[in-house]
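Q: Here is a sequence with its predicted model. Questions after.
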Amino acid sequence: MKLIIDVHVSDLQRAVAFYTEALGLPCRVYETDWAAITVGDAEIHLYVDGGVTHGVEFYVDDIKSRVRALTEQGVQFTSGIDKPKSLRVDEQNITEFPWGRIAYFHDSEGNEMALVEDF
């Protein structure tokens with residue numbers, strides 16, 4: 001069994017560039033109206049027609065180094081201080097919760113994404 005998350009995009013070429021260049025993930029399929037981005041044993045399917053616009057999270061072991069690396073690739077992180085149970089936000093816009101840390105960002109299509117590190 002393989003996890004697949006369908007994400008809505010309005011510009012497929014721009015979205016594939018973001019996921020492959022900024023996030024460094026490989027593209028397995030690139031068609032005219034959808035693409036498959038590989039994330040470990042899972043995939044993110046980018047659809048021009050369909051898909052979610054928020055709620056995609058990537059689990060990481062070292063959130064600070066991942067945020068630093070992605071920031072160097074042009075990814076901009078946003079504060080999550082307005083999220084329920086958030087405690088504080090650091091200088092990298094990593095939001096701390098009682099259970100761990102999250103770094104929120106948007107993909108090229110405005111979909112909210114996040115890096116997650118548990119305590």
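A: Received, thanks.
Q: And the helix or strand of the chain with the lowest mean pLDDT, what's buried?
A: Within the chain, no helix or strand scores below strand 54-59, which has a mean of 90 by mean pLDDT, DSSP states H and E. By 16 or more other Cβ atoms under 10 Å, the buried positions in strand 54-59 come out as 56, 58. The way it works is simple: take the backbone N, C-alpha and C, and place the C-beta from them, glycine included.
Q: same question, stretch 102-113
A: Buried, per 16+ other Cβ under 10 Å, within stretch 102-113: 102-109, 111-113.
Q: which ones among these are found in strands?
A: Among the buried residues of stretch 102-113, DSSP state E puts 102-106, 112-113 in strands.
Q: Contacts for the longest helix along the chain, please.
A: Looking across the chain with DSSP state H, the single longest helix is helix 63-72. Residues outside helix 63-72 that contact it (Cβ atoms under 8 Å, 6 or more residues apart in numbering): 22-23, 60, 77, 92-94, 101, 103, 105, 115-117.
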